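J.: got a predicted structure plus its sequence, pasted below:
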There are 2 protein chains.
Amino acid sequence: MSSTEYRDLGRALCIITGASRGFGRTIAWNMSRLVKPGSALVLVARSGDDLRALQAELAESEAGRVGLVVECVVADLGQADGLEAVVRRSQDSFSEDIDHIILVNNAASLGDVSRYVKSFTNMAEVDSYLSLNVTSSLCLTASILQAFPQCPGLRRTVINITSLCALQPFRSWVLYCTGKAAREMIFRVLAEEEPDLRVLNYSPGPLDTAMQMVARSRTADPTVRKSFSDMFAQGQLLTCEDSCAKLMKVLLDDNYTSGAHIDIYDL
Amino acid sequence: MSSTEYRDLGRALCIITGASRGFGRTIAWNMSRLVKPGSALVLVARSGDDLRALQAELAESEAGRVGLVVECVVADLGQADGLEAVVRRSQDSFSEDIDHIILVNNAASLGDVSRYVKSFTNMAEVDSYLSLNVTSSLCLTASILQAFPQCPGLRRTVINITSLCALQPFRSWVLYCTGKAAREMIFRVLAEEEPDLRVLNYSPGPLDTAMQMVARSRTADPTVRKSFSDMFAQGQLLTCEDSCAKLMKVLLDDNYTSGAHIDIYDL
């Protein structure tokens, strides 16, 4: 725990994966408003068009007009060269004035939720899911920590966007639950190993995003699917903006236990 | 929960991965003594010599002399063709008299415990670990469930050999903890999806095996390494025989909640 409470994220280098839409896009916007002049965002996504549109919008924002650097990396994090491109661009965006490195492991895919465990006989399909959702977050985090080692005056924060699915099984969601459980464990181990780091597993709640639309239309299990439809129909889905505001407050208050699973509903 | 208590495992087809040594080998021996005549064991491991030695010993045992069929599959479960070989041999070993299919997902590797999270920058290394330890257990389980579908009079039990590491982070054990957390979630989802199955996540405790020797000699973190050395020096490691006896009792008593994490120290 820390007793310091921050009013901003500092002169930060923020690396955000899955930044082109949904929650990642909202994180990029929120961070752009909370960093000091001289900061840089490195935005990563597979979709180049959406990413460049976001970059253009951010350039015209208040932060952009006072010099926030916004870099885009169009990359598939399931591939080693995609990951290397993110690290290189992050190094290029670093300057001696930066006092805070923030890595947001947000990119994730839902996996095929239209099928049950017993249908997953194809190793290549599962390997590919785990590579994108688990391996990439471990290897990207390791690479960024090596590129920006512990150094006096430099804060380092690593955020993993997790889910209730990391803790609780849901029928027909085996890939997503397995990936989230694996990922959360990576960051719990990291928090134990590196006491100088701040590590946050943030569970943003059920968000009104494209992923939720797929969840409520494609989920094989009727009870699970209905629970998503009901949340939507009853207006219980959260906006990315509301959930991200809570995440930013957690980061500024900075009194979470490193490595802990922080659920929006606990805040 | 079930109210039935069994005196044996039935006329069973037992598929055991990682059967050539350590806990898997002990499971093979214990199951050979608890199955009825007409049963078959399908033993899987990468090491052909050890596996064939076990097969020869089992053939000369009491169960072997009254006709227990013991089949060996020398296979790398990290490869699709290895997995297919296990499924084929299991189908060949099935007969109409079999009334219980038991799959024991025991095979696992420790991963490199001599390094910390920040050193894992190589995606191929992590992908390969997850393929052997996570993907293979999902895809083998799915394939076996497809090969032996629900059918009146046929019990089906799926066991995952798990660990405290599935629940708790240990410094310098990121691959093992991540793999075990992922694997346990697969079987928790499976238990939710298939109420006719019996699914057991069994945590056998710290066993006096070759893996423990590597753990106490190679673990990077000095505190974690010392805790393993101390357990060894103070005679706190469990024998495979003792831990397996408890596992067999859990299977025979058959009153565990399907999908639950059952730790030997809770028994």
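T.: All right, it came through fine.
J.: run through the residues of the stretch 1-150 of chain A sitting next to chain B.
T.: Counting by CB under 8 Å from any CB of the partner chain, the positions of the stretch 1-150 of chain A adjacent to chain B are A:79-80, A:83, A:116-124, A:126-127, A:130-131, A:134-136, A:138-139, A:141-143, A:145-146. In short, each C-beta sits where N, CA and C put it, glycine included.
J.: put the buried members of those into a ChimeraX selection.
T.: Selection of buried members from the residues of the stretch 1-150 of chain A next to chain B for ChimeraX, criterion 16 or more other CB atoms under 10 Å in any protein chain shown:
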select /A:80,83,116,117,118,119,120,121,123,126,127,130,131,134,135,136,138,139,141,142,143,145
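J.: which of the residues of the stretch 1-150 of chain A next to chain B fall within helices?
T.: Judged by DSSP state H, the residues of the stretch 1-150 of chain A next to chain B include A:80, A:83, A:123-124, A:126-127, A:130, A:136, A:138-139, A:141-143, A:145-146 as members of helices.
J.: which residues in the stretch 101-250 of chain A form strands?
T.: With DSSP state E, counting those that start in this stretch as the definition, the stretch 101-250 of chain A shows strands at residue ranges A:155-161, A:198-203.
J.: take those strands and lay them out in CSV including distance to chain B.
T.: Conversion of the strands of the stretch 101-250 of chain A to CSV gives the following (distance: least, CB to the nearest CB, whole Å):
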stretch, distance to chain B
strand A:155-161, 10
strand A:198-203, 10
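J.: now mean pLDDT too, for the ones you listed, in CSV please.
T.: As requested, the strands of the stretch 101-250 of chain A are exported to CSV (pLDDT from 0 to 100):
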stretch, mean pLDDT
strand A:155-161, 98
strand A:198-203, 98
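J.: now, of these, which is deepest in the fold?
T.: Comparing the strands of the stretch 101-250 of chain A by mean neighbour count (mean count of other CB atoms under 10 Å in any protein chain shown), strand A:198-203 comes out on top with a mean of 25.
J.: contacts for that one?
T.: For strand A:198-203, the surrounding residues in contact (CB atoms under 8 Å, 6 or more residues apart in numbering or on different chains) are A:2, A:155-164, A:166, A:184, A:187-188, A:190-191, A:247, A:250-251, A:254, A:256, A:258-264.
J.: of these, buried ones?
T.: Buried members of the contacts of strand A:198-203, counted by 16+ other CB under 10 Å: A:155-164, A:166, A:184, A:187-188, A:190-191, A:247, A:250-251, A:254, A:256, A:258-259, A:261-264.
J.: so of those residues, which ones are in helices?
T.: With helices taken from DSSP H, the overlap with these comprises A:184, A:187-188, A:190-191, A:247, A:250-251.
J.: from those residues, which are also near chain B?
T.: When those are checked against chain B using CB under 8 Å from any CB, the ones in range are A:184, A:188, A:190-191.
J.: tell me the SS of A:Asn30?
T.: A:Asn30 carries the three-state label helix when classified by DSSP: H, G, I helix; E, B strand; the rest coil.
J.: mind checking how far the nearest residue to A:Phe120 once chain neighbours are set aside is from A:Glu125?
T.: In space, not counting the residues next to it along the chain, A:Phe120 is nearest to B:Ala142; the distance is 4.8 Å by CB to CB, 6 or more residues apart in numbering or on different chains. When distances are taken as CB to CB, to the nearest Å, B:Ala142 and A:Glu125 turn out to be 11 Å apart.
J.: ok, A:Val214 next?
T.: Plainly put, A:Val214 is 17 Å away from A:Glu125 if you go by CB to CB.
J.: also A:Gln146?
T.: Counting by CB to CB, the gap from A:Gln146 to A:Glu125 is 31 Å.
J.: same check, this time on A:Ile262
T.: A:Ile262 sits 32 Å away from A:Glu125 when distances are taken as CB to CB.
J.: next one: A:Arg88
T.: If you measure A:Arg88 against A:Glu125 using CB to CB, the figure is 30 Å.
J.: show me which of those two is the more surrounded one.
T.: A:Glu125 (17 against 13; other CB atoms under 10 Å in any protein chain shown).
J.: which ones are touching the more buried one?
T.: When contacts are counted by CB under 8 Å, 6+ apart, A:Glu125 touches A:Asp112.
J.: please report phi then psi for A:Val113.
T.: Backbone dihedrals for A:Val113, given as degrees, to the nearest 10, come out at phi -90, psi 10.
J.: any stretches of chain A with poor pLDDT?
T.: Applying pLDDT under 70 to the predicted model, the residue ranges of chain A that meet it are A:1-3.
J.: let me see the contact set for the residue nearest the centre of it.
T.: When chain A is reduced to its mean C-alpha position, the closest residue under CA atoms, centre = their mean turns out to be A:Asn106, at 1.8 Å. If you count contacts by CB under 8 Å, 6+ apart, A:Asn106 has them with A:16-19, A:23-24, A:27, A:159, A:161.
J.: do the same with A:Arg155
T.: A:Arg155 sits in contact with A:10, A:99-101, A:198, where contact means CB under 8 Å, 6+ apart.
J.: going by distance to B:Gln55, which of those residues wins?
T.: B:Gln55 lies nearest to A:Arg198 out of the contacts of A:Arg155, by CB to CB, at 53.2 Å.
J.: give me the beta-bridge partners of the closest one?
T.: A:Thr157 (DSSP bridges).
J.: tell me the residue in chain A that is farthest from the middle.
T.: When distances to the mean C-alpha position of chain A are computed (CA atoms, centre = their mean), the maximum falls on A:Lys118, with 29.6 Å.
J.: what sits against that residue?
T.: Residues counted as contacts of A:Lys118 (CB under 8 Å, 6+ apart) are B:141-142, B:145-146, B:190, B:193-194.
J.: can you redo the residues you listed as CSV with distance to B:Ala75?
T.: What follows is the contacts of A:Lys118, written out as CSV (distance: CB to CB, whole Å):
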residue, distance to B:Ala75
B:Thr141, 15
B:Ala142, 17
B:Leu145, 19
B:Gln146, 18
B:Leu190, 22
B:Glu193, 27
B:Glu194, 25
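J.: got the CA positions of stretch A:163-182 in CSV?
T.: These are the backbone C-alpha positions of stretch A:163-182, laid out as CSV (Å, rounded to 0.1, in the frame of the first residue of the first chain):
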residue,chain,number,x,y,z
SER,A,163,-12.8,-10.4,-15.5
LEU,A,164,-15.1,-12.2,-13.1
CYS,A,165,-14.4,-15.1,-15.5
ALA,A,166,-10.9,-15.3,-14.0
LEU,A,167,-12.4,-16.4,-10.8
GLN,A,168,-15.7,-18.1,-11.8
PRO,A,169,-16.5,-20.7,-14.4
PHE,A,170,-19.2,-19.9,-17.0
ARG,A,171,-20.7,-22.6,-19.2
SER,A,172,-19.6,-22.4,-22.9
TRP,A,173,-17.0,-19.8,-22.0
VAL,A,174,-14.1,-22.2,-21.5
LEU,A,175,-11.5,-20.3,-23.6
TYR,A,176,-12.3,-16.9,-22.0
CYS,A,177,-12.4,-18.2,-18.4
THR,A,178,-9.2,-20.2,-18.9
GLY,A,179,-7.4,-17.3,-20.5
LYS,A,180,-8.4,-14.8,-17.9
ALA,A,181,-7.5,-17.2,-15.0
ALA,A,182,-4.1,-17.8,-16.5
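J.: tell me if it is near chain B.
T.: Yes - using CB under 8 Å from any CB as the criterion, contacts between stretch A:163-182 and chain B involve A:169-174, A:177-179, A:181-182.
J.: among those, which lie within helices?
T.: Among the residues of stretch A:163-182 next to chain B, the members found in helices (DSSP H) are A:174, A:177-179, A:181-182.
J.: quick check: the farthest pair among those?
T.: For those, the farthest-apart pair by CB to CB is A:Val174 and A:Ala182; their separation is 12.1 Å.
J.: between the two, which has more neighbouring residues?
T.: Under the criterion of other CB under 10 Å, the comparison of A:Val174 against A:Ala182 puts A:Val174 first, with 32 against 26.
J.: wait, what's in contact with the more buried one?
T.: If you count contacts by CB under 8 Å, 6+ apart, then A:Val174 has A:111, A:116-117, A:120, B:138, B:185-186, B:189-190 around it.
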